[in-house]
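Student: Below are the sequence and a predicted model for it; my questions follow.
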Amino acid sequence: MDLELRHLRTIRAIDEAGSLTKAATALGLAQPALSAQLKRIERALGGRLFDRGPAGVRPTPLGEFVLSRARVVLPAMSALRQEAEEFTRSWHEVRGFRLGGTHGPLLGGLVDRLADSHPGAPVTTHISWSERELAALVADARLDFALIGTCGASTPPLDDQLEWREIAADPVFVMLAADHPLAARPEVELARLADQAWTDVPGDGCFGDCFTAACARAGFTPSCVYETDVASCVHLVQVGRAVGLCRATFPPTEGLVTRPLAGDPLSWRHLVGWHPQGPARSAADTVVTQAAAAHQAAADRAPSYVRWRSERADARA
């Protein structure tokens, strides 16, 4: 494993916190995950960095040596990034778009619209299941914008460092095989799916916990949840192996239907984030506008969502 700046930040965080538990909280990680990461770093450096005891952790001689170098390297890299941002701060024309996104149709729609509206500006993409990873890449100036989703009203990652703009908020729908007994219903009560296996895409937000809580309110605990990629989720639904959770904008797909969940127990917010002092901030309004247009186009192509919005509009009229 090659040593990276994030590893030095981890070592510094452990030293400052004085314990792995406190450092894990500060870093937004589970304590076992931080312990495993520390072991990998120690193997890469050739020895233990911290002695652990009842009072917490203390740096070993090797740990003190590494920390002394980290105290030089990390501020230097931070200064370099700040100077680079200042160097590019005077840019007023869009030179390119480095986009990060999770699964879903909006990233493709955004790429298409930016390529049309700025044909001379290259568009590159980076995909990750992790909203936190994408936010960190934007904070480190390795991406210009992150297009992510959050469950309900939950706070997006690194909200104290990045500026986030909500594009839209959608209900979460259920995917059913076209011949499923409930497929003909205009909406489906969650409790009617208590005996089903489920499939969903992975992520590091709170959606899994929110789904479990919604099921508990409906009187059951999911017996099985397959976390996998979108194509595999679709296949499992099509063959009747599971029912799936999806965004309301999920496009029409052969062999399955999407239906609202009665009472809208789950929701999903689409967000675009960028660094407020980064050079890409001058293009933020453009990206937000085009992302909103991509969402609207996706919503208009989803028949179940069109009906859902029409019914809500009629109810308010």
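Tutor: That came through fine.

Student: ranges for the helices of the stretch 51-200 of the chain?
Tutor: 61-88, 106-117, 131-139 (DSSP state H, counting those that start in this stretch).

Student: Which of these has the highest mean neighbour count?
Tutor: helix 131-139 (a mean of 21; mean count of other C-beta atoms under 10 Å). Heads up, the C-betas are built off the backbone N, CA and C, glycines and all.

Student: out of the helices of the stretch 51-200 of the chain, which comes closest to Glu166?
Tutor: Set against Glu166 and scored by C-beta to C-beta, the helices of the stretch 51-200 of the chain come closest in helix 106-117, at 12.8 Å.

Student: Please export the C-alpha coordinates of the closest one as PDB.
Tutor: Output of helix 106-117 as PDB, limited to C-alpha atoms (Å, rounded to 0.1, in the frame of the first residue of the first chain):
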ATOM      1  CA  LEU A 106     -29.100  12.200 -13.600                       C
ATOM      2  CA  LEU A 107     -25.300  12.100 -14.100                       C
ATOM      3  CA  GLY A 108     -25.700  11.000 -17.700                       C
ATOM      4  CA  GLY A 109     -28.300  13.600 -18.300                       C
ATOM      5  CA  LEU A 110     -26.000  16.300 -16.800                       C
ATOM      6  CA  VAL A 111     -23.000  15.200 -18.900                       C
ATOM      7  CA  ASP A 112     -25.200  15.400 -22.100                       C
ATOM      8  CA  ARG A 113     -26.500  18.900 -21.300                       C
ATOM      9  CA  LEU A 114     -23.100  20.300 -20.300                       C
ATOM     10  CA  ALA A 115     -21.500  18.900 -23.500                       C
ATOM     11  CA  ASP A 116     -24.200  20.500 -25.500                       C
ATOM     12  CA  SER A 117     -24.100  23.900 -23.800                       C
END
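
Student: so how far is Ala177 from the closest residue to Leu176 other than its chain neighbours?
Tutor: Using C-beta to C-beta, 6 or more residues apart in numbering and skipping residues adjacent in sequence, the residue nearest Leu176 is Ala183, 4.8 Å away. Ala183 sits 7 Å away from Ala177, going by C-beta to C-beta, to the nearest Å.

Student: higher neighbour count, these two?
Tutor: Neighbour count, other C-beta atoms under 10 Å: between Ala183 and Ala177, Ala177 has more, with 20 against 15.

Student: where's that one relative to Ala184, distance?
Tutor: Distance from Ala177 to Ala184, by C-beta to C-beta: 12 Å.

Student: Would you check that the residue nearest to Leu176 makes contact with Thr258?
Tutor: No: using C-beta atoms under 8 Å, Ala183 makes no contact with Thr258, being 9.8 Å away.

Student: Next, show the common contact partners of these two.
Tutor: Leu176 (C-beta atoms under 8 Å, 6 or more residues apart in numbering).
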